[in-house]
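**Student:** sharing a sequence plus its predicted fold:
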Amino acid sequence: MNWHATPKEQQINMKRLLAFIKKEFYHVFRDKRTLLILFGLPIAQIILFGFALSSEVKNIGIAFQDNSHDIHTEKIIAKIQSSSYFNVENPILNYKDIENRFKDGSIKCAVIFSSNFGSDLQRPGGAKIQVIADASDPNTATIVTNYLTAIVNDYQQQLNPTAKLNYQIIPELRQLYNEQQNGSLNFIPGVIALIFMIVSTALTSVSVVREKELGTMEILLVSPFKPIMVLIAKAIPYLVLSLINFILILFLSVYLLHVEIKGSFLLLFAESILFIITCLSLGLLISNVTDSQQTAMLISMMGMMLPTLILTGFMFPLENMPWIFRVISHAVPSRYYYSIVKSVMLKGLGFEFVWKETLILAGMAAFLLTIALKKFKIRLS
Amino acid sequence: MENKAIVCKELTKQFGDFKAVDKISFEVSEGEIFGFLGANGAGKTTAMRILCGLSYPTSGEASVAGFDVYKQQEKIKKNIGYMSQKFSLYDNLTILENIEFYGGVYGVSRPEIKERSTELVKMLGLEKEAKKLVGGLPLGWKQKLAFSVAVFHRPKIVFLDEPTGGVDPITRRQFWDMIYEAAASGITVFVTTHYMDEAEYCNRISIMVDGRVEAIDSPAELKKRFNTTSMDEVFYELARNAQRAAD
C-alpha cells in the first residue's frame, strides 16, 4: 500500500472518502428501520429503564385494620399515608378480606393494630402491630417491611425524645452517590453501553454485509478505493451517529430523569469514543465472517447484547454470579465501559481512578481492530 | 505490446491441487469487444478476478491496460470499469446520487461529474427520474444505468460479468447498442455471457473449458471451423467434453 501518496493523490483520496461517507448517511437517513433503531431505541430505553423498570418501590397498596382507633394508631397511619411509598386503600374487614385483596393485587401489605394499642403502649411488654406482606415478590416484601419498621421506629423515637433506654445505638445510614435512591441512576451507564452495542456493532456489521449481499462490495473492491478505506468509511458515520446518540441519552438523563453528571463531561466523551471504537471493530469483525444480514444481526444481538445485559453488572450484580460467569465477564468490553461511566458520571471521579479500565478497553479495541483489518484483507485474495 | 488492452501468457491460478485457471494465453486489442465464454465452473470468474486486480495469479504473466497484475493492481483498478451480474447500484440512492458516488470513488472531479451526469441522464432519457430512487426503476433501466456508471470515469477497459442476466430481449439489444457505442469511443469491452446470440455480437470470443481456453476466434471463424451455423453448436461441441461438474 502506498502511504506516501502525493498531495494531489491525498486530496483525491480525501474526496473519495467524503463521497463514501455522504453515501453512508443517505443509507441511514432513508432507511426507516435504521432510523427507528438509531433514535427511537435510545428514547424508548431511557423511558423504559428510567420509569417502567424502576427497582424502587413506590405507591404500594396498603390497608389497615385499626382495632384500637386511638391517637397513636391514627398518627402512625397518617405517617404512613404521607409517605410517597404507600397508597392507603380501604380498611380491612376481616382476615379473609386480606387474602382476597392480596390475590387480586390491590394491596401488597396489610397492617393490623391490636385492640387497646394506645393503652398497651404505656404498659410493660408494649403494644403490638402486625404487618403482613405479600412475599410472592420477595424483593418488594422486604423493602415494604423495612419501610414500615422504619416508620414505626421513627414514631417511637418521637414519643420518647429523651431516650429512656440506657444503651441505645442509632445507626445513621447514608447511601452515598445516590442518596435519594434514584433507581434510574444505575441504569443510565448500562443503557448507554447497550445503545452503543446496538448502533455501533449491529448496524455497522449489517451495513457492511448488506453491500456484500447486494453485490456492491465487489464493485467497491474493483474500484481504486482501498479496502481499508471501505472499512474506515463505513465506521466513521456510525461513530458520528453513536456520539449524537450519546449526547441524546445524556440530555434525556439530565432533563427527564434528573440525573446529575458529577464528573468531567470531556472525560466521559473521550471514554465513550474509545468504547465506540471497540464496538465498531467488533461490528466490522462480525461483518467479515458473515455473508448475510440476518446472520450478522443475530450474532450482534445474541453475541453482543445478551452479554452486555447480563455480564456487565448493570442488571444483575456480578458479585453474586458463579465464578465461571465472573471470569467470562472480564472478556466483555461493556463491563469496563459501564464501570468507567459509573465512576465518572455518578461518583465524579477523575481519570486517575479509571485508567486501568481505560487501558483494558484500549487494548481490546486495538486487538479487535487488527483482527478485523487482517480478516478483511484475507478475504480479498 | 502496443495497442493491446489485455495480454495473458500461461496465466494460472491454483487452489491446492485444483487448477481453476490452467495456463490460459490470449490478447485483447484496444477497442475490441471480447466475449469470454465458458460453462459455470470453467474458471471465467477466477480469471476475471485476476485481471481486475482482485486476486493474484499462481504463475504466468498478465497485463491489463499495460499494467502488471502482480505489481500494479492499484493502477489497473484506476483504468478499468466493472459491472457484475448482481445489480450494482444502490437502491436507496437516486440516479444522480449513484452517479455522483461512483464518480467520486473513481476520483472524477466535481464539475466534471455534474456535467457528465446531466449529459448521461439526458442520453438515457431519464431526466424525469434523475432525482428518484433507483429502487423504483425497472430492471432493464437499472442494468443500462449500471453500465453507464461503469464507464462513467472513461476507463480504458470495462469488464462486464454476465451483464444481461434476467433482462428481456429488447433491452438486451439496447444494452448491446450501448456496448458498441462504448467500444467505438475506444473503450475495450471484456464481457462474459451465457447467451449465445450475444456471443455473436462480439468481435472475438474465447471459450473456456475446465480452466483452459479451448477456442479463440471471431464467431464467424469458429462456426466455420466447427462446421455449424450457430454458436450454440460450437459451444456445445466444446463444453460437452468438460470433466468438471458445473456448480
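**Tutor:** Received, thanks.
**Student:** by mean pLDDT, point me to the weakest helix or strand of chain A.
**Tutor:** Every helix and strand in chain A was compared by mean pLDDT, DSSP states H and E; the lowest is helix A:184-196, with a mean of 80.
**Student:** dump it to CSV, keeping only the CA atoms.
**Tutor:** These are the backbone C-alpha positions of helix A:184-196, laid out as CSV (Å, rounded to 0.1, in the frame of the first residue of the first chain):
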residue,chain,number,x,y,z
SER,A,184,-32.6,5.2,37.1
LEU,A,185,-29.1,6.4,38.1
ASN,A,186,-27.7,2.9,37.9
PHE,A,187,-29.4,2.1,34.6
ILE,A,188,-28.1,5.0,32.6
PRO,A,189,-24.5,3.9,32.2
GLY,A,190,-25.8,0.5,31.3
VAL,A,191,-28.3,1.9,28.7
ILE,A,192,-25.5,3.9,27.1
ALA,A,193,-23.4,0.8,26.8
LEU,A,194,-26.3,-1.1,25.3
ILE,A,195,-27.1,1.6,22.8
PHE,A,196,-23.5,1.7,21.6
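**Student:** next SSE downstream of it?
**Tutor:** Once the chain leaves helix A:184-196, the next helix or strand it forms, by DSSP states H and E, is helix A:204-214.
**Student:** and that following helix, what does it pack onto?
**Tutor:** Under the contact criterion of 3 or more CB pairs under 8 Å, 6 or more residues apart in numbering or on different chains; DSSP states H and E, helix A:204-214 touches helix A:216-222, helix A:227-255, helix A:265-289, helix A:293-298. All C-beta spots, glycine's among them, are computed from the backbone N, C-alpha and C.
**Student:** tilt between it and helix A:265-289?
**Tutor:** Here the directions of helix A:204-214 and helix A:265-289 differ by 30 degrees (axes from the mean of the first three to the mean of the last three CA atoms, to 10 degrees).
**Student:** any idea how far the residue of chain B positioned farthest from its centre lies from chain A?
**Tutor:** Distance from the C-alpha centroid of chain B peaks at B:K128, with 29.2 Å (CA atoms, centre = their mean). B:K128 is 20 Å from chain A, where distance means CB to the nearest CB, to the nearest Å.
**Student:** that residue and B:T94, how far apart?
**Tutor:** To B:T94, B:K128 is 12 Å away according to CB to CB, to the nearest Å.
**Student:** tell me the SS of B:T12?
**Tutor:** strand (DSSP: H, G, I helix; E, B strand; the rest coil).
**Student:** okay, now the unreliable bits of chain B?
**Tutor:** Low-confidence segments of chain B (pLDDT under 70): B:1-2, B:245-247.
**Student:** ranges for the strands of it?
**Tutor:** Taking DSSP state E, the strands of chain B run over residues B:4-15, B:18-29, B:33-38, B:59-64, B:67-68, B:80-83, B:157-161, B:188-192, B:204-209, B:212-217.
**Student:** so where do the helices sit in chain B?
**Tutor:** Remark: helices assigned in chain B by DSSP state H are B:44-51, B:73-79, B:95-105, B:110-124, B:139-150, B:169-184, B:196-201, B:219-225, B:231-239.
**Student:** quick one: closest of the ones you listed to chain A.
**Tutor:** helix B:95-105 (2.7 Å; CB to the nearest CB).
**Student:** could you figure out how far that closest one is turned away from helix B:110-124?
**Tutor:** Going by the same axes, to 10 degrees, helix B:95-105 makes 140 degrees with helix B:110-124.
**Student:** show me what helix B:95-105 is in contact with.
**Tutor:** Helix B:95-105 is contacted by residues A:15-16, A:18-20, A:22-23, A:26, A:219-220, A:223-225, B:89-90, B:93, B:112-113, B:116-117, B:120-121, B:126, B:129-132, B:134, B:137, B:145, B:148-149, B:152-153 when judged by CB atoms under 8 Å, 6 or more residues apart in numbering or on different chains.
**Student:** near chain B, which residues of chain A?
**Tutor:** For chain A, the residues in contact with chain B (CB under 8 Å from any CB of the partner chain) are A:2, A:12, A:15-16, A:18-20, A:22-23, A:26-27, A:30-31, A:214-216, A:218-225, A:380-381.
**Student:** what pairs with the lengthiest strand in chain A, parallel or antiparallel?
**Tutor:** Counting residues, the longest strand in chain A under DSSP E turns out to be strand A:60-66. If you go by DSSP bridges, strand A:60-66 pairs up with strand A:86-88 (parallel), strand A:109-113 (parallel).
**Student:** just those strands: most buried one?
**Tutor:** strand A:109-113 (a mean of 23; mean count of other CB atoms under 10 Å in any protein chain shown).
**Student:** pLDDT (mean, whole number) over it?
**Tutor:** Strand A:109-113 shows a mean pLDDT of 90.
**Student:** right, and A:F225 touches A:F20 too?
**Tutor:** Yes. Taking contacts as CB atoms under 8 Å, A:F225 lies within contact range of A:F20: 7.1 Å.
**Student:** which residue is the nearest non-sequential neighbour of A:H27?
**Tutor:** Closest residue to A:H27 apart from its sequence neighbours, by CB to CB, 6 or more residues apart in numbering or on different chains: B:N92 at 6.1 Å.
**Student:** what about B:N227, neighbour count?
**Tutor:** Using other CB atoms under 10 Å in any protein chain shown, B:N227 has 9 other residues around it.
**Student:** that one and A:L243, how far apart?
**Tutor:** 71 Å.
**Student:** repeat that for B:P169.
**Tutor:** Distance of B:P169 to A:L243, computed by CB to CB: 52 Å.
**Student:** those two - which one has more neighbours?
**Tutor:** Taking other CB under 10 Å, B:P169 and A:L243 do not tie; A:L243 has more neighbours (16 against 10).
**Student:** contacts only, for that one.
**Tutor:** When contacts are counted by CB under 8 Å, 6+ apart, A:L243 touches A:F269, A:S272, A:I273, A:I276.
**Student:** swap in A:K96?
**Tutor:** Listed by CB under 8 Å, 6+ apart, the contact set of A:K96 is empty.
**Student:** quick check, it in a strand?
**Tutor:** No. With three-state DSSP as the criterion, A:K96 is assigned helix and is not in a strand.
**Student:** how near is it to chain B?
**Tutor:** 65 Å.
**Student:** what of A:N153?
**Tutor:** Per CB to the nearest CB, A:N153 is found 65 Å from chain B.
**Student:** how deep is that residue tucked in, by neighbour count?
**Tutor:** 11.
**Student:** and it, what element?
**Tutor:** Per DSSP H and E, A:N153 falls inside helix A:138-159.
**Student:** quick check: mean pLDDT across the longest strand of chain A?
**Tutor:** The predicted model assigns strand A:60-66 a mean pLDDT of 88.
**Student:** now the helix or strand just after it and strand A:60-66, what's the angle there?
**Tutor:** Next in sequence after strand A:60-66, counting helices and strands by DSSP H and E, comes helix A:71-82. Using the same axes, to 10 degrees, the direction of helix A:71-82 lies 170 degrees away from that of strand A:60-66.
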